[in-house]
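> 3D model of this:
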Amino acid sequence: SGKVYYELLKAREESKKEGIAIARLEQFYPFPNKDITSALNGYDKLETVVWCQEEPKNMGAWTFAQPRIQKLLGNGTEVEYAGRQASASPAAGQKKIHDAEQEKLIKEAIG
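Numbers count the residues shown, from 1 in each chain. Got it, this is the predicted structure:
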């Protein structure tokens with residue numbers, strides 16, 4: 001969810017990598033199990049699912065969404081995390097650091 005979705009779309013386009021699907025989750029509760037299952041079932045060669053968020057690991061939706069998505073996958077495919085490390089602060093405090101962290105999480109998500 002959020003603006004990172006658009007940054008991921010742009011990075012995928014610029015990388016010219018194929019085989020990367022990007023979806024965004026707009027509704028967190030009630031969790032859209034049927035919609036996610038339907039989206040995941042559309043990929044017969046699904047290898048990796050990456051949750052990408054801008055917030056630190058302990059502040060965004062990761063801890064809520066990860067176990068739910070993992071349960072829907074059910075086939076041993078792990079949900080990986082691409083984002084900022086856990087932090088006591090929601091922001092880096094300096095634009096230069098924020099930009100470097102943002103670039104890193106986009107690269108982690110796109111591969």
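> and the pLDDT at the residue of the chain most remote from its centre?
Here the centre of the chain is the reference, and by C-alpha atoms, centre = their mean the most remote residue is Q94, at 23.3 Å. On pLDDT, Q94 comes in at 88.
> any idea how far it is from I20?
Q94 is 30 Å from I20, where distance means C-beta to C-beta, to the nearest Å. For the C-beta atoms, the positions are set from N, CA and C on the backbone; glycine is no exception.
> over to P67?
24 Å.
> ok now do E80, which residues does it touch?
48-51 (C-beta atoms under 8 Å, 6 or more residues apart in numbering).
> go on, R24?
1-2, 5 are the contacts of R24 under C-beta under 8 Å, 6+ apart.
> so M59 touches S89, yeah?
No: if you go by C-beta atoms under 8 Å, M59 and S89 don't touch, sitting 9.2 Å apart.
> which one's more surrounded, those two?
Neighbour count, other C-beta atoms under 10 Å: between M59 and S89, M59 has more, with 17 against 8.
> pop out the phi and psi values for the residue farthest from the centre of the chain.
Backbone torsions for Q94, taken as degrees, to the nearest 10, come to phi -130, psi 140.
> same question, S15
Torsion angles, degrees, to the nearest 10, at S15: phi -80, psi -20.
> excluding its backbone neighbours, what's nearest it?
I110 (5.8 Å; C-beta to C-beta, 6 or more residues apart in numbering).
> what's the neighbour count on that neighbour?
18.
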